[in-house]
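Undergrad: predicted model follows, preceded by the sequence.
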Amino acid sequence: MNTVVNNKKEIRIGLLGCGFMGKVHSHAYRTIKHKYNELGFVPKLYAIAGLGRKSTASAAAQYSFEKWTTDWKEIVHDPNVDVIDICLPEDMHEQVCIESLKANKHVFCEKPLALSVQSCKRIMEIAKNKNVKKMCGFNYRFLPAIRFAKEIIDSGLIGKIYYIGANYSQESGHDPERPADQIRYINGKEPLGTIRGLGSHLIDTVRYLCGDIYSVNAIVKTMIPNRPLTKGGNFSVSADDIAILNIELKDGGIGTLMTSAVATGRKNQLAFEINGSSGSLSFNLENLNVLSVYIEENCPKSLRGFSKINVTEDSHPLTKHWWPPAHIIGWESGHINELYYFLDSVYGDKRISPIGATFIDGYFTALVAESAFKSTKLEKKIYLDY
Ligand SMILES: NC(=O)c1ccc[n+]([C@@H]2O[C@H](COP(=O)([O-])OP(=O)(O)OC[C@H]3O[C@@H](n4cnc5c(N)ncnc54)[C@H](O)[C@@H]3O)[C@@H](O)[C@H]2O)c1
């Protein structure tokens, strides 16, 4: 990070993966300098890796990367690279995280950190001795409405948390005729399923807002166990497509979490309602600029109930770099805020936690997911062993 351009330090990004998240992250890096004009650094889209020469070259040109390769190790070991950003399939995260840390790079890894608790532990074992920044891609922490919910809870305005009901629902798997090889959570050497995929976001959001989870009692199921394949034949599905987790929070509250890829009609809903002793909060990603809030204190009886707050005022978190009030933002803004936060931590040697998700948060998420599988198998409540 020694090159200085227009009095700003260049942070050179090595982006691994040029699919969905590769596109979202490169867009975020390009937008950061547009939104945050007082930056002391400038993100440099240095190198990108993908599978297939043609598609990787085309992504490099489209997203304005200086270099491209089909060998991710080349980027990890390139001395010019400051930051490795992992947007690769989940089953590659462990190997790539470990190799990047060993090469002393700052590492941003998309969720889930890894597919198992053991895998997360192996990453953390290397990470603990490396004086670099490590962050896990739980982008929903960086939406203004969710950050505002966190501030309200931390200020004590809704009191003691009694209950959180939360779900992450999509319909990507609801059609039994949809071929297995076209459905992301079913594919791969070790299929992701909904708890480790959508559920990792959900679990992190619950932990971020309400604190650690103490126990899990779950039902994890596969509603559609057989599917056709595009080229003909049948596929036996092992990945879960729906799950319910009854949880106890360390602070005494309880909750119900649901993940589903068979939520017919639902495109991408991450929603929660939190009921506290003196107020409640409610959020739905499908209307992401709004947080519904009820604070009991001093509220006249006739006005009791939820108010919809448009979280776009200067007084709201994460809004000052965006538009004037009520000029709403979109889903990608969370990624822009998140990657700005990560690069600013790299530049200023600032802490990732408690605002950003660390690798330890990635590990806890995997622990809750694994406990849900264990609970289903043993048909009993699992107490989390931190
Ligand atoms: N935070 C979010 O909102 C969010 C949303 C979707 C996915 N994700 C996560 O992001 C990660 C990537 O998901 P995606 O949807 O972008 O996947 P994707 O399939 O769209 O892209 C994966 C990319 O990895 C590349 N790749 C695969 N194997 C490679 C190899 N050996 N060498 C180099 N490149 C290789 C592919 O070419 C492709 O460009 C996953 O961990 C996923 O769970 C996060």
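TA: Sure thing, it's come through.

Undergrad: and the residue of the stretch 151-300 of the chain found nearest the ligand, what does it touch?
TA: Among residues of the stretch 151-300 of the chain, the one nearest the ligand by CB to the nearest ligand atom turns out to be residue 197. It sits 6.0 Å away. To be clear about C-beta, it is placed using only N, CA and C from the backbone, and glycine gets the same treatment. Residue 197 makes contact with 90, 112, 184, 185, 259 under the criterion CB atoms under 8 Å, 6 or more residues apart in numbering.

Undergrad: apply 6 Å and report the result again.
TA: residue 185 (CB atoms under 6 Å, 6 or more residues apart in numbering).

Undergrad: and it, its phi and psi?
TA: Torsion angles at residue 197 (phi, psi; degrees, to the nearest 10) stand at phi -90, psi -90.

Undergrad: then residue 282?
TA: For residue 282, the backbone dihedrals (degrees, to the nearest 10) come out as phi -150, psi 140.

Undergrad: that one and residue 44, how far apart?
TA: Between residue 282 and residue 44 the distance is 41 Å, computed by CB to CB, to the nearest Å.

Undergrad: residue 57 too?
TA: Relative to residue 44, residue 57 is positioned 19 Å away (CB to CB).

Undergrad: most centrally placed residue in the chain?
TA: In the chain, the C-alpha nearest the mean C-alpha coordinate belongs to residue 138, at 2.4 Å (CA atoms, centre = their mean).

Undergrad: okay, helices next: where are they in the stretch 251-386 of the chain?
TA: Ranges of helices in the stretch 251-386 of the chain, per DSSP state H, counting those that start in this stretch, are 332-348, 359-378.

Undergrad: nearest to residue 18, out of the ones you listed?
TA: helix 332-348 (15.2 Å; CB to CB).

Undergrad: near the ligand, anything from that closest one?
TA: No: legend: contact between helix 332-348 and the ligand by CB under 6 Å from any ligand atom is lacking; minimum distance shown is 7.1 Å.

Undergrad: that helix packs against which elements?
TA: Under the contact criterion of 3 or more CB pairs under 6 Å, 6 or more residues apart in numbering; DSSP states H and E, helix 332-348 touches helix 20-35.

Undergrad: packing partners of the helix it packs on?
TA: With contacts defined as 3+ CB pairs under 6 Å, 6+ apart, helix 20-35 has these neighbours: strand 41-49, helix 332-348.

Undergrad: what mean pLDDT does it have?
TA: Predicted confidence along helix 20-35 averages 94 (mean pLDDT).

Undergrad: contacts for that helix, please.
TA: So helix 20-35 is in contact with 13, 15, 42-43, 45, 63, 85, 87, 110, 321, 335-336, 339-340, going by CB under 6 Å, 6+ apart.

Undergrad: ditto for stretch 199-215
TA: Outside stretch 199-215, the residues touching it (CB under 6 Å, 6+ apart) are 111-112, 138, 140-141, 149-150, 153, 161, 164, 166, 168, 247-251, 257, 259, 357, 365, 368-369, 381, 383.

Undergrad: in terms of pLDDT, where does residue 86 sit?
TA: For residue 86, the pLDDT comes out at 98.

Undergrad: next up, identify which helix or strand the closest residue to it other than its chain neighbours is on.
TA: Counting by CB to CB, 6 or more residues apart in numbering, residue 86 lies nearest to residue 109, which is 4.4 Å off, once chain neighbours are set aside. Using DSSP states H and E, the element containing residue 109 is strand 106-110.

Undergrad: buried stuff in stretch 167-178?
TA: By neighbour count, with 16 or more other CB atoms under 10 Å as the criterion, the buried positions of stretch 167-178 are 167, 168, 169, 170, 171, 172, 173, 174, 178.

Undergrad: how close does residue 102 sit to the ligand?
TA: Separation of residue 102 from the ligand (CB to the nearest ligand atom, to the nearest Å) stands at 18 Å.

Undergrad: can you count the residues close to that residue?
TA: Residues near residue 102, counting by other CB atoms under 10 Å, number 12.

Undergrad: could you find the closest non-adjacent residue to it?
TA: With CB to CB, 6+ apart as the criterion, residue 102 has its nearest non-adjacent residue at 6.5 Å, and that residue is residue 126.

Undergrad: average pLDDT for the helix or strand that neighbour falls within?
TA: For residue 126, the enclosing helix or strand under DSSP H and E is helix 117-127. Averaged across helix 117-127, pLDDT comes to 97.

Undergrad: who touches that helix?
TA: Identification of contacts with helix 117-127 by CB under 6 Å, 6+ apart yields 94, 97-98, 101, 113-114, 134, 359, 362-363, 366-367, 370.

Undergrad: again, 8 Å this time
TA: Here helix 117-127 makes contact (CB under 8 Å, 6+ apart) with 93-94, 97-98, 101-102, 107, 113-114, 134, 359-360, 362-363, 366-367, 370.

Undergrad: ok, now stretch 372-386?
TA: When contacts are taken as CB under 8 Å, 6+ apart, the neighbours of stretch 372-386 outside the stretch itself are 195, 199, 212-220, 243, 245, 364, 367-368, 371.

Undergrad: distance of the closest residue to the ligand within the chain relative to residue 80?
TA: Scanning the chain for the residue nearest the ligand gives residue 19, at 2.1 Å (criterion: CB to the nearest ligand atom). Between residue 19 and residue 80 the distance is 24 Å, computed by CB to CB.

Undergrad: re earlier: residue 57 and residue 44: which is more packed in?
TA: When neighbours are counted by other CB under 10 Å, residue 57 and residue 44 differ, and residue 44 comes out ahead with 22 against 17.

Undergrad: which of the residues in stretch 116-130 are buried?
TA: Counting neighbours by 16+ other CB under 10 Å, stretch 116-130 gives 116, 117, 119, 120, 122, 123, 124, 126, 127, 130 as buried.
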